[in-house]
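>>> The following comprises the amino acid sequence and a computationally predicted model.
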Amino acid sequence: MHANPLSSTFLFPGQGAYLAGVFSGSEQAFPTMAAELGRLDGYSLRTGGPEVTHLLTDPTSPTLDHLLENDVPALSLAIFASQIVAARLYQEEFGLSPALLMGHSFGEFAALVVSGALTLEEGVTLVVARDRALRASGATGGMVAIEAGFRRVENLVAAMADGSLTVAADNAYDQVVVSGSGQAVARLASVAGELGVKATVLRVPYPFHNRRLLDGANELFARTVATIVPRVPRIAVHSPVLGRRVETPEDVLEVLSSHLVRPVRFLDALHAVRGEGETRFVECGARSTLVDLASATVAGISTSAPFRRRADHAGVLAEVRRLEAGPDGSETAPAPAPVTPVVPTPAPAAPVEPVPTQRVTSVSSETGDEGEGLSEPKVLDELKTLYADAVGYPADVFETGVELEADLGIDSIRQTELLQRARKRYDVPEADHIRITDYTTLESIAGLIVELRHQGERV
């Protein structure tokens, strides 16, 4: 434990915060991690739930897509487990002191455990029961992230005149999530696109935060919640579902028994805690979803996401030290790089065959290389700079064979945005039915760019 721990706000993300083998480079450096995961698996097995240690320590474990299709209960418990382990490591290994805890949606479960309001065993029991209730209810539907402000999205939902649609989460100035039936969500995404508003259907198993569609599941889950006797949190907790601090055992029960059907006001919560003087934010768990939102929303803060990608002891420590810079960068550590908000990963498109790479002989003048041959090595070198500048990594991390998502934590939403930048840079046409997850390395992206340019010249 460090002598002068850094006081920070711990952020706990919800659905989608999973990276296969996220702790795979950390087992030897963090001996307490295995013990914590072992206890968690034991509690889960006792309630008839899955084991998840292998999902977090083996980089060859099933991907997010695979678990969404085949084992949602294991995915949920793995997300919860990664947050519990990350929070413990931050406190015991890296001297981070949580002044405040805040979970987003399902992330509130882990926040309540870390606060001491729930025991680890109670938390695991609730996670397992939650998935059982959702399955037993037969609930179906989906969610869509819309890049527009709350009022505009609210008006758009009203105009759709579909009772299944509801605003589920207000995440940022230009990021609002709507849930509803699968058909309604698809129609809303289509209408938004026709209006020039970007909408991304999310890869989620249920229409979360939707009272009409999940009321039955919520009632089933509430029966388990009623068996829990929570305690007053030892560490302060701010709930985006309640819109205030969680201060009493009754508050804990209210969060748990309503989180499936009440909206998440994350934007309001960020402003509230920043207004109280919180300036350091750290992501508990895989990826960097919430700290990216925080960086894009509020000024004068430092952020860190030590497990935005698989990392060893040194890598995690380097990321933790980003917090030491402070909001003005006055300390010795570097200030955090600018980031772009990240939303949950989009729904997969229909599978397509990978496009074979080919070469072309010209390129748009926007690249400054008019009349010169456009080769994959040349595009690859330029893409390293483009991607590095966009995500805040040094260009040398994009080594041959490095996986953009598995190794660097760049999720498919971010990859889609970066591919669009690259497409515009090289003046290549839009490509229907391209699934970004078929192109997992920068080399494959370079080959795709060259092929798309070649296709455009043949037209």
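Yep, it's here.
>>> Let me see the ranges of the helices in the stretch 51-200 of the chain.
Taking DSSP state H, counting those that start in this stretch as the criterion, the stretch 51-200 of the chain carries its helices at 53-57, 64-70, 72-93, 107-115, 120-137, 150-160, 182-194.
>>> tell me the most buried of the ones you listed?
Mean neighbours per residue, mean count of other C-beta atoms under 10 Å, is largest over the helices of the stretch 51-200 of the chain for helix 107-115, with a mean of 27. (Glycine included, C-beta is placed from N, CA and C.)
>>> can you redo the helices of the stretch 51-200 of the chain as JSON lines with mean pLDDT and distance to Glu278?
What follows is the helices of the stretch 51-200 of the chain, written out as JSON lines (pLDDT from 0 to 100; distance: least, C-beta to C-beta, whole Å):
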{"stretch": "helix 53-57", "mean pLDDT": "95", "distance to Glu278": "28"}
{"stretch": "helix 64-70", "mean pLDDT": "93", "distance to Glu278": "30"}
{"stretch": "helix 72-93", "mean pLDDT": "95", "distance to Glu278": "16"}
{"stretch": "helix 107-115", "mean pLDDT": "98", "distance to Glu278": "14"}
{"stretch": "helix 120-137", "mean pLDDT": "98", "distance to Glu278": "24"}
{"stretch": "helix 150-160", "mean pLDDT": "96", "distance to Glu278": "22"}
{"stretch": "helix 182-194", "mean pLDDT": "96", "distance to Glu278": "33"}
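>>> will you turn the ones you listed into JSON lines that also has distance to Ser412?
Below are the helices of the stretch 51-200 of the chain laid out as JSON lines (distance: least, C-beta to C-beta, whole Å):
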{"stretch": "helix 53-57", "distance to Ser412": "19"}
{"stretch": "helix 64-70", "distance to Ser412": "9"}
{"stretch": "helix 72-93", "distance to Ser412": "16"}
{"stretch": "helix 107-115", "distance to Ser412": "20"}
{"stretch": "helix 120-137", "distance to Ser412": "24"}
{"stretch": "helix 150-160", "distance to Ser412": "22"}
{"stretch": "helix 182-194", "distance to Ser412": "16"}
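>>> nearest to Leu202, of these?
Each of the helices of the stretch 51-200 of the chain has some distance to Leu202 by C-beta to C-beta; the shortest is helix 182-194, at 8.7 Å.
>>> domain assignment for this structure?
When the chain is parsed with automatic domain parsing, its domains come out as 6-137+213-325, 142-209, 365-458.
>>> winner for burial among these?
Comparing the domains of the chain on average neighbours per residue, with mean count of other C-beta under 10 Å, the densest one is domain 6-137+213-325 at a mean of 21.
>>> mind listing the strands for the stretch 251-400 of the chain?
With DSSP state E, counting those that start in this stretch as the criterion, the stretch 251-400 of the chain has strands at 280-283, 302-304.
>>> among these, which is nearest Glu443?
strand 280-283 (28.7 Å).
>>> that older thread, least reliable of the domains of the chain by average pLDDT, please.
Looking over the domains of the chain, mean pLDDT reaches its minimum on domain 365-458, with a mean of 71.
>>> Check the offset of that one from the chain's centre.
22 Å (C-alpha atoms, centre = their mean, to the nearest Å).
>>> Contacts only, for the nearest residue to Ser7 once chain neighbours are set aside.
Setting aside the residues directly before and after it, Ser7 is nearest to Ala99 in space (C-beta to C-beta, 6 or more residues apart in numbering), at 4.3 Å. Ala99 makes contact with Ser7, Ser8, Thr9, Ile235, Ala236, Glu278 under the criterion C-beta atoms under 8 Å, 6 or more residues apart in numbering.
>>> Now with 10 Å, please.
With contact taken as C-beta atoms under 10 Å, 6 or more residues apart in numbering, Ala99 is in contact with 5-10, 235-236, 273, 276-278, 280.
>>> Tell me how far it lies from Val282.
11 Å (C-beta to C-beta, to the nearest Å).
>>> okay, and the common contacts of those two?
Common neighbours of Ala99 and Val282, counting by C-beta under 10 Å, 6+ apart, are Leu6, Ser8, Thr9, Phe10.
>>> Can you say which helix or strand has the last one in it?
Following DSSP states H and E, the helix or strand that holds Phe10 is strand 6-12.
>>> Packing partners of that strand?
Using 3 or more C-beta pairs under 10 Å, 6 or more residues apart in numbering; DSSP states H and E as the contact criterion, the elements in contact with strand 6-12 are helix 72-93, strand 96-103, helix 107-115, helix 266-275, strand 280-283, helix 289-297, strand 302-304.
>>> so can I have TSV of these showing distance to Val185?
As requested, the helices and strands packed on strand 6-12 are exported to TSV (distance: least, C-beta to C-beta, whole Å):
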stretch	distance to Val185
helix 72-93	18
strand 96-103	24
helix 107-115	22
helix 266-275	20
strand 280-283	27
helix 289-297	20
strand 302-304	31
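>>> Among those, which comes closest to Val225?
Closest to Val225 of the helices and strands packed on strand 6-12 is helix 107-115 (C-beta to C-beta; 11.0 Å).
>>> residue contacts, Val379?
Val379 sits next to 359, 363, 367, 386, 422, 425-426, 442-443, 445-450, 453 when contact means C-beta under 10 Å, 6+ apart.
>>> please redo it, this time with the cut-off set to 6 Å
Residues counted as contacts of Val379 (C-beta atoms under 6 Å, 6 or more residues apart in numbering) are Ala446, Ile449.
>>> how near is it to Glu405?
Counting by C-beta to C-beta, the separation of Val379 from Glu405 is 20 Å.
>>> Over to Gly48?
Taking C-beta to C-beta as the criterion, Gly48 is separated from Glu405 by 32 Å.
>>> next one: Leu202
Distance from Leu202 to Glu405, by C-beta to C-beta: 16 Å.
>>> Give the helix, strand or coil label for the closest residue in space to Gly116 that isn't next to it in sequence.
Spatial nearest neighbour of Gly116, excluding adjacent residues (C-beta to C-beta, 6+ apart): Arg234 at 3.8 Å. The three-state label given to Arg234 by DSSP: H, G, I helix; E, B strand; the rest coil is coil.
>>> quick one: Pro249 and Pro230 touch, right?
Yes. The pair Pro249 and Pro230 passes the contact test of C-beta atoms under 6 Å, sitting 4.5 Å apart.
>>> All set now, cheers.
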